[in-house]
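Peer 1: Predicted model and sequence follow; I will ask about them next.
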Amino acid sequence: MLSAIRKFISGRWAKVLVFLVSLLPFLYLGLRTYRGQLTANPVEFYQHQTGDWTLRFLIFTLCITPLRKLFHLPELIRFRRMLGLFAFFYVCLHFFTYLGPDQSFNVAGMFDDVAKRPFITVGFAAFVLLIPLALTSTAGWVRRLGGKRWQALHRSIYLCATLGVIHYYWLVKSDIRKPLLYGVLVGALLLWRLFTRFRRRPGAAVAHADVASVP
Ligand code: HEM
């Protein structure tokens, strides 16, 4: 069973499949727009959908390393970059539904809002932190920065996901179940990472430093 999974995820079509599946939330938004099924508040509908998918893709990205290690599937690393870039894609849509329909492309007004409303401040910080991660996600940047510096930079994805959860928690008015669930997932992934890091022998962290082990 495991060898069949390994064979599939190493194959050419697995990447295409992950790409197409990751695109489904976007296609769903397109379809709802085309059919005019955007609820009474279309802007809120777009913001909620794209915000949710950003957080989900951040969590999918963070799941890759634990899954590789727990199920001995190193091949899963092939999907991490793509999932991280999809998180960035959805946060860009999320940001532009805010900047456009919400703020009428008034950049000064947007910065006022970023300074005034804490949940927007935190979401904006997470977005800004994701930009260098998306820009340096290529193999060329791993070479340019060197494995260790690249790793250190890309560890900030944990901070982005944590800020994303705080952003969500702060904006909900009554039902906190969903942000809490996301918080538990991000917390568990962070604890797993800390646990495996401290369990390693002191010298081993340096000797085995490879970009595939982060985040
Ligand atoms: C990594 C960055 C971000 C993540 C993970 C994120 C995530 C989310 C989530 C999960 C929601 C709620 C979705 C729901 O209710 O189902 C949301 C809503 C929202 N986000 Fe973000 N967000 C991020 C960045 C931003 C940025 C940069 C802005 C604007 C500067 C922003 C503005 C908003 C607004 C206006 C809402 C709707 C608030 C409301 O309904 O009252 N977010 N976001």
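Peer 2: Received the coordinates, thanks.
Peer 1: Could you use CA atoms for every contact and neighbour count after this?
Peer 2: OK.
Peer 1: which SSE is the residue most central in space within the chain in?
Peer 2: The residue lying closest to the centre of the chain (C-alpha atoms, centre = their mean) is residue 58, at 2.0 Å. Using DSSP states H and E, residue 58 sits within helix 42-70.
Peer 1: For that helix, which residues meet the burial criterion?
Peer 2: Neighbour counts over helix 42-70 (16 or more other C-alpha atoms under 10 Å) mark 43-47, 49-66, 68 as buried.
Peer 1: Also within reach of the ligand: list those from those.
Peer 2: With the criterion set as C-alpha under 6 Å from any ligand atom, the members of those near the ligand are 44, 47, 51-52, 54-55.
Peer 1: tell me which of those is nearest to residue 16?
Peer 2: Using C-alpha to C-alpha, residue 54 comes nearest to residue 16 of these, at 20.1 Å.
Peer 1: Next SSE downstream of the helix holding residue 58?
Peer 2: helix 80-97.
Peer 1: does the ligand sit close to that next one?
Peer 2: Yes. Contact between helix 80-97 and the ligand, assessed by C-alpha under 6 Å from any ligand atom, occurs at 91, 95.
Peer 1: I'd like the next helix or strand past that helix.
Peer 2: Later in the chain than helix 80-97, the nearest helix or strand by DSSP H and E is helix 107-116.
Peer 1: quick one: contacts of the next helix or strand after that following helix?
Peer 2: The first helix or strand that comes after helix 107-116 along the chain, using DSSP H and E, is helix 118-135. With contacts defined as C-alpha atoms under 8 Å, 6 or more residues apart in numbering, helix 118-135 is touched by 84-85, 88, 91, 113-115, 153-154, 156-157, 159-161, 163-164, 166-168, 170-171.
Peer 1: In PDB, please show the C-alpha coordinates belonging to stretch 3-13.
Peer 2: Backbone C-alpha positions of stretch 3-13 (Å, rounded to 0.1, in the frame of the first residue of the first chain) are rendered in PDB as follows:
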ATOM      1  CA  SER A   3       4.800   1.600  -1.900                       C
ATOM      2  CA  ALA A   4       1.900   2.300  -4.300                       C
ATOM      3  CA  ILE A   5       1.400   5.700  -2.600                       C
ATOM      4  CA  ARG A   6       5.100   6.300  -2.900                       C
ATOM      5  CA  LYS A   7       5.100   5.400  -6.600                       C
ATOM      6  CA  PHE A   8       2.100   7.700  -7.200                       C
ATOM      7  CA  ILE A   9       3.400  10.700  -5.400                       C
ATOM      8  CA  SER A  10       6.800  10.400  -7.200                       C
ATOM      9  CA  GLY A  11       5.100  10.300 -10.600                       C
ATOM     10  CA  ARG A  12       4.500  13.100 -13.000                       C
ATOM     11  CA  TRP A  13       0.700  13.300 -12.600                       C
END
